[in-house]
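A.B. asks: show me the folded form of this:
(one chain, ligands or ions: 1)
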Amino acid sequence: MIVTHLNDLDGTERDVQTENWRSRRIVLAKEKVGFSFHDTVIYAGTTSTFHYQNHIEAVYCVQGKGTLTNEETGEVHEIKDGTLYLLDGHEKHTVHAEEDLRMACVFNPPVTGREVHDENGVYPLIVED
Ligand code: 9YT
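C.D. replies: All right, here's what the predicted structure looks like:
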């Protein structure tokens with residue numbers, strides 16, 4: 001069993017920050033459980049486009065307000081406390097945060113912790129040895 005706390009990850013290699021978001025990666029590929037689990041804050045006022053071509057991601061909002069645009073259909077969805085979106089079709093999407101959005105994110109396959117988005121919003125597929 002592993003027991004941890006978000007604050008224990010602050011400033012470690014599991015604490016990944018970009019201009020638009022901060023993600024603390026609580027469970028990673030190295031734990032060898034088939035998924036990774038992240039606590040992500042997308043900063044208020046930012047707009048980010050993501051395209052996880054190599055991963056499935058579930059995102060569950062626990063705090064904040066924003067919008068999600070499916071770039072393949074143009075559909076726009078409200079994001080608020082309790083909203084979940086599942087990118088089961090590797091959809092290219094854009095998240096706009098009106099307030100800080102706190103999200104619990106699950107990735108399959110798990111990320112290793114080193115991934116950040118490239119210029120197309122894509123994470124590379126990195127497989128643990
Ligand atoms: C919601 C989302 O995709 N945010 C980007 C960061 C990502 N969740 C991560 O790497 O933890």
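A.B. asks: residue 61 belongs to a strand, doesn't it?
C.D. replies: Yes - assessed by DSSP: H, G, I helix; E, B strand; the rest coil, residue 61 belongs to a strand.
A.B. asks: contacts only, for it.
C.D. replies: Residue 61 makes contact with 79, 80, 81, 82, 83, 84, 101, 102, 103, according to Cβ atoms under 8 Å, 6 or more residues apart in numbering. Where C-beta positions appear, they are placed from N, C-alpha and C, glycine not excepted.
A.B. asks: let's go with 10 Å and repeat that
C.D. replies: Residues counted as contacts of residue 61 (Cβ atoms under 10 Å, 6 or more residues apart in numbering) are 40, 42, 68, 78-85, 95, 101-104.
A.B. asks: and for residue 19, nearest residue in space, chain neighbours not counted?
C.D. replies: Among residues not flanking residue 19 along the chain, residue 46 sits closest, at 7.5 Å (Cβ to Cβ, 6 or more residues apart in numbering).
A.B. asks: that neighbour: neighbour count?
C.D. replies: 16 (other Cβ atoms under 10 Å).
A.B. asks: show me the contacts for it.
C.D. replies: Contacts of residue 46 (Cβ under 10 Å, 6+ apart): 18, 19, 20, 21, 66, 95, 96, 97, 100, 101.
A.B. asks: same question, residue 70
C.D. replies: Contacts of residue 70 (Cβ under 10 Å, 6+ apart): 76, 77, 85, 87, 89, 91, 92, 93, 94.
A.B. asks: select from those every entry located in helices.
C.D. replies: Under the assignment DSSP state H, the contacts of residue 70 contribute nothing to helices.
A.B. asks: do you know the pLDDT at residue 115?
C.D. replies: With respect to pLDDT, residue 115 scores 61.
A.B. asks: the ligand contacts on the protein?
C.D. replies: In this structure, the chain approaches the ligand at residues 21, 23, 38, 40, 50, 59, 95, 103, 105, judged by Cβ under 6 Å from any ligand atom.
A.B. asks: nearest to residue 11 among the residues you listed?
C.D. replies: residue 23 (13.5 Å; Cβ to Cβ).
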